[in-house]
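*Asks:* Provided below are the primary sequence and the corresponding predicted coordinates.
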Amino acid sequence: MDMTSKTVMITGASRGIGAQAARIFAEAGANVVLLARSQDAIADLAGEIGSKAIAIPCNVARYSEVSSAVETAVQAFGGLDVLINNAGVVDPISHLADAEPDAWSQLIDINVKGVFYGMRAALPALKAGGGGSVLTISSGAAHNAIEAWSAYCASKAAVNMMNRSLHLEEGGNGIRAIGLSPGTVATEMQRKIKDSGINPVSQLEWDEHAPADWPAKCLLWMCSAEADRYCGEEISLRAEDIRRAVGLK
């Protein structure tokens, strides 16, 4: 997949899937715009990648910061072709009866409002270039309740419907909206889940989780025409045919 001259904006780019996606897209020739609250981490990653990368400190729960980041990306690289909504948190992991309301609300601010803000801010730039891809990290939690994950499950269900709504409203304008359910991935989020000791996901051994470059490579494949049949839907990296198409063993 040749992404030369394309510009890709990645939220939550400081680590895990986001950081690996930045490396994979840069290797494919893309300009990458790295967004995260962790300023030092994305600055280091941009330095690693080189002149094709810029780092923009950004809290996706604040629309003004996301909108400003899109403007900066367009000024730096002349346009925007792909938005990857990757930023997300799993805390609070707690039963509903014990959930801290402020923490529950903060997750929604990041996981739900942050995705909407990314879509809303990026759409004008994507459409100005004739269209583009909006790839959003979903989860099996969007479709199945998991003990002590009420906030996370609710947020991913909302993200799934936002993806479908974006396809319905903007598919005719060249916007390719596709979700990715990556399964469990060996990231810092899985360490928090493991430490919680709640529900079967926390009991999984570390080597049962996919490496972060698997979903990153899948995101690159999702920019190809081969993935057009999934517009408005979700791709599951647990599906053998998808892994085969992406070139994963």
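*Replies:* Nice, I can see it.
*Asks:* what sits against residue 35?
*Replies:* The contact partners of residue 35, taken as C-beta atoms under 8 Å, 6 or more residues apart in numbering, are 9-13, 42, 56-58, 60, 66, 69, 87. Where C-beta positions appear, they are placed from N, C-alpha and C, glycine not excepted.
*Asks:* Where do the strands of the chain begin and end?
*Replies:* Assigned strands in the chain, in chain order: 7-11, 31-36, 53-57, 82-85, 132-137, 175-181, 234-236 (criterion: DSSP state E).
*Asks:* Export those as CSV, with columns for mean pLDDT.
*Replies:* Formatted as CSV, these follow (pLDDT from 0 to 100):
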stretch, mean pLDDT
strand 7-11, 98
strand 31-36, 98
strand 53-57, 98
strand 82-85, 98
strand 132-137, 97
strand 175-181, 97
strand 234-236, 95
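*Asks:* pLDDT at the residue nearest in space to the middle of the chain, what is it?
*Replies:* Central residue of the chain (C-alpha atoms, centre = their mean): residue 86, 1.9 Å from the mean position. If you check residue 86, the pLDDT there is 95.
*Asks:* so what's the backbone phi/psi at it?
*Replies:* phi -110, psi -30 (degrees, to the nearest 10).
*Asks:* That one and residue 19 touch, don't they?
*Replies:* No. Using C-beta atoms under 8 Å, residue 86 is not in contact with residue 19, being 9.5 Å away.
*Asks:* and the residue nearest to the centre of the chain, what does it touch?
*Replies:* 10, 11, 12, 13, 17, 18, 21, 137.
*Asks:* May I ask which helix or strand of the chain has the lowest mean pLDDT?
*Replies:* Of all helical and strand segments in the chain, the minimum by mean pLDDT, DSSP states H and E falls on helix 188-196, at a mean of 75.
*Asks:* hmm, back to that, which one of the strands of the chain lies nearest to residue 152?
*Replies:* strand 132-137 (12.0 Å; C-beta to C-beta).
*Asks:* what angle sits between the closest one and strand 175-181?
*Replies:* Going by axes from the mean of the first three to the mean of the last three C-alpha atoms, to 10 degrees, strand 132-137 is angled at 20 degrees with respect to strand 175-181.
*Asks:* Flag the shaky bits of the chain, pLDDT-wise.
*Replies:* For the chain, residues meeting the criterion pLDDT under 70 lie at 184, 186, 203-206.
*Asks:* Okay, helices next: where are they in it?
*Replies:* 16-27, 39-49, 63-77, 101-108, 114-128, 150-170, 188-196, 213-221, 240-246 (DSSP state H).
*Asks:* Kind regards, and thank you for your time.
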